[in-house]
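Enquirer: what's the 3D shape of this:
(chains A and B)
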There are 2 protein chains.
Amino acid sequence: MGTTQLEPVPEPKYWHLRTVLSEALDSEFSVGEILPNERDLAARFGVARATLRQALEQLELEGRLQRRRGVGTTVAPPRVGVAVGTERHVWPGAADDAWQPADSTRSAPPAAVADALGTGPEQPVHTVRRSRVSQGRPVAAELLYIPDASVPDLTAIDTPSGPARARAVLRELQRLDLEGQDRAVELGSARAEDARELDRLPGAPVLVVTTRYTAEGRTAALSVATYRADTCRLTFGDSGGVEIHHGTDRQAS
Amino acid sequence: MGTTQLEPVPEPKYWHLRTVLSEALDSEFSVGEILPNERDLAARFGVARATLRQALEQLELEGRLQRRRGVGTTVAPPRVGVAVGTERHVWPGAADDAWQPADSTRSAPPAAVADALGTGPEQPVHTVRRSRVSQGRPVAAELLYIPDASVPDLTAIDTPSGPARARAVLRELQRLDLEGQDRAVELGSARAEDARELDRLPGAPVLVVTTRYTAEGRTAALSVATYRADTCRLTFGDSGGVEIHHGTDRQAS
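Expert: Residues are numbered from 1 along each chain as shown, chains lettered A, B, ... in the order given. The predicted model follows:
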């Protein structure tokens, strides 16, 4: 009796198609160009529509394709590098901040946020909403939670909401000595409100960046920022510019 | 003639179902529990199978569910925080490094990497392959590209490949003075090789972390690390521990 040799697991069909399509994008299409419809593409590559759709989803995940309702599938421009972390620790709203304050309200934050802030479960905190635009397009939406204890001298008689109120809250926060900050990045899906702001459908893949700012030995503010995963590359560090575009080349290695 | 009031865009059906399902996960299921099959779930919530699948995909993207072949859909444990960046800049392979060297070979890197390293298009570089395990499970795979110029005294007579070779290359690299490092994080899909190592299917969503190490005024090494997006939360900063678990709570805000 001979031994049984285990066959290597074959590449899934959609994955092979993804590689073939990726090469076609490089050689036959330019940025912004609309792809043929799914029926024609499936016929050209001799695959089922379901397989084609899986391959298109892969390429969308990698930022190579964009699918928009009413337009179709287009070849995506390279992702935009968006600076998230720098060496220097600064409060949100500092002079060279890339975010635009939109509003500030007072409400009870989600339980996980209240836990992190050490506030009571139903205790309202200042919630500053900001948005970030890069190269003329919305790239991120942020909710910044600030407990009363971090802005003790904030007067209630200011404007009650709107951008002016948001700026007033941030100005007060900046009076604290920032001791440190932690960040976490994870994959998420856009909530309805963020999706609207980012010009996406609810549930679109986003990169969620959570930043905890510490001062006076406690968490003084917590930011939950939602970046479009299709168009953004988050950059961290000294110069904020790792310019590597992962296209076919990387995949071919 | 009256004015036409624009109706707010209604929430897509899958998104509403996602929210309902998410609440059911919190109240009725525990971590590791297997969900009823799609037919039963669709019947229970009175939706089409396609809608159910979209909602399940959302929750998988958010790390709330895991789908495994032969097992079914289970409730996922909270994501594991994996420290990526610290204040201190260190070379890969330094004493407290979380990565295990697996191999080192010499080959021509992908064109985008060669560009970043400033090496010629077909010029071979050292390619160190490392893997990272957290809590007993593979969480990331890395390719670290090091041009000859960064390890000029590396002897060819060492072992030609394998972990010992990888350690020798990293040891040589550490003789350079590290000047700085840049990082970028973006969404990607797992290449076949990485997918195998990470125990995923090719094309699974991953977080791609590209790190450029600079020394002597040039890019001395380039790392492309692929983290499982379903199980990992990447942490950066002082203490490396933002412990916010985004579940229903956050979405309900």
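Enquirer: Residue ranges in chain A under the pLDDT threshold?
Expert: For chain A, the stretches with pLDDT under 70 are A:1-10, A:86-88, A:157-158, A:238-253.
Enquirer: Mind doing that once more with 80?
Expert: Residue ranges of chain A with pLDDT under 80: A:1-11, A:68-70, A:85-89, A:95-96, A:155-160, A:237-253.
Enquirer: Go ahead and flag the most central residue of it.
Expert: Centroid check for chain A by CA atoms, centre = their mean gives residue A:227 as the closest residue, at 1.8 Å.
Enquirer: Residue A:206 is in contact with that one, correct?
Expert: Yes. At 6.1 Å, residue A:227 and residue A:206 qualify as touching, with contact defined as CB atoms under 8 Å. Placement of C-beta: from N, CA and C, glycine included.
Enquirer: residues shared between the contacts of those two?
Expert: Among the neighbours of residue A:227, none is also in contact with residue A:206 (CB atoms under 8 Å, 6 or more residues apart in numbering or on different chains).
Enquirer: Next up, the contacts around residue A:71.
Expert: Residue A:71 sits next to residue A:34 when contact means CB under 8 Å, 6+ apart.
Enquirer: Could you find the closest non-adjacent residue to residue A:66?
Expert: residue A:76 (4.6 Å; CB to CB, 6 or more residues apart in numbering or on different chains).
Enquirer: thinking that neighbour is in contact with residue A:65, fair?
Expert: Yes. Counting by CB under 8 Å, residue A:76 touches residue A:65, with 5.7 Å between them.
Enquirer: When the two are compared, which one has more neighbours?
Expert: Using other CB atoms under 10 Å in any protein chain shown, the more surrounded residue of residue A:76 and residue A:65 is residue A:65, with 22 against 19.
Enquirer: Could you measure from that one over to residue A:202?
Expert: Distance, residue A:65 to residue A:202, by CB to CB, to the nearest Å: 20 Å.
Enquirer: just residue A:98 next, same as before
Expert: Taken as CB to CB, the span from residue A:98 to residue A:202 is 25 Å.
Enquirer: ditto for residue A:17
Expert: 28 Å.
Enquirer: can you check residue A:101 too?
Expert: On the measure of CB to CB, residue A:101 and residue A:202 end up 24 Å apart.
Enquirer: Specify the local secondary structure of residue A:159.
Expert: Classification of residue A:159 by DSSP: H, G, I helix; E, B strand; the rest coil places it in coil.
Enquirer: where's the nearest residue to it once chain neighbours are set aside, which helix or strand?
Expert: Counting by CB to CB, 6+ apart, residue A:159 lies nearest to residue A:165, which is 4.9 Å off, once chain neighbours are set aside. Using DSSP states H and E, residue A:165 sits within helix A:162-173.
Enquirer: and for that helix, what are the contacting residues?
Expert: A:91-93, A:100-104, A:126, A:128-130, A:146, A:150-151, A:153-154, A:158-159, A:220-221.
Enquirer: Ok, stretch A:33-50 next?
Expert: By CB under 8 Å, 6+ apart, the list of residues contacting stretch A:33-50 reads A:13, A:17, A:20-21, A:29, A:51-53, A:55-56, A:65, A:71-75.
Enquirer: Can you give me the buried ones in that stretch?
Expert: By neighbour count with 16 or more other CB atoms under 10 Å in any protein chain shown, stretch A:33-50 contains the buried residues A:35, A:41, A:42, A:47.
Enquirer: Next: stretch A:74-85.
Expert: A:74, A:75, A:76, A:79, A:81, A:82, A:84, A:85.
Enquirer: Stretch A:162-169 too?
Expert: Going by 16+ other CB under 10 Å, stretch A:162-169 has these buried residues: A:163, A:165, A:166, A:167, A:168, A:169.
Enquirer: Please identify which of those is nearest to residue A:141.
Expert: Nearest to residue A:141 among the buried residues of stretch A:162-169: residue A:166, at 13.4 Å, using CB to CB.
Enquirer: List the residues that contact the nearest residue to residue A:14 once chain neighbours are set aside.
Expert: Nearest residue to residue A:14 in three dimensions, chain neighbours excluded: residue A:54, at 3.7 Å (CB to CB, 6+ apart). Listed by CB under 8 Å, 6+ apart, the contact partners of residue A:54 are A:14, A:17, A:18, B:203.
Enquirer: Could you work out the most separated pair of those?
Expert: For the contacts of residue A:54, the farthest-apart pair by CB to CB is A:17 and B:203; their separation is 10.5 Å.
Enquirer: just to revisit the earlier point, from the contacts of residue A:54, list the buried ones, please.
Expert: For the contacts of residue A:54, a burial check counting by 16+ other CB under 10 Å picks out A:14, A:17, A:18, B:203.
Enquirer: isn't the first one right up against residue A:59?
Expert: Translated: residue A:14. No. Look at residue A:14 against residue A:59 with CB under 8 Å: they stay out of range, at 10.5 Å.
Enquirer: May I see the domains of chain A written out as residue ranges?
Expert: Domains of chain A are assigned by automatic domain parsing as A:13-75, A:100-243.
Enquirer: how far is the longest one from where the chain is centred?
Expert: Centroid separation between domain A:100-243 and its chain, computed with CA atoms, centre = their mean, to the nearest Å, is 13 Å.
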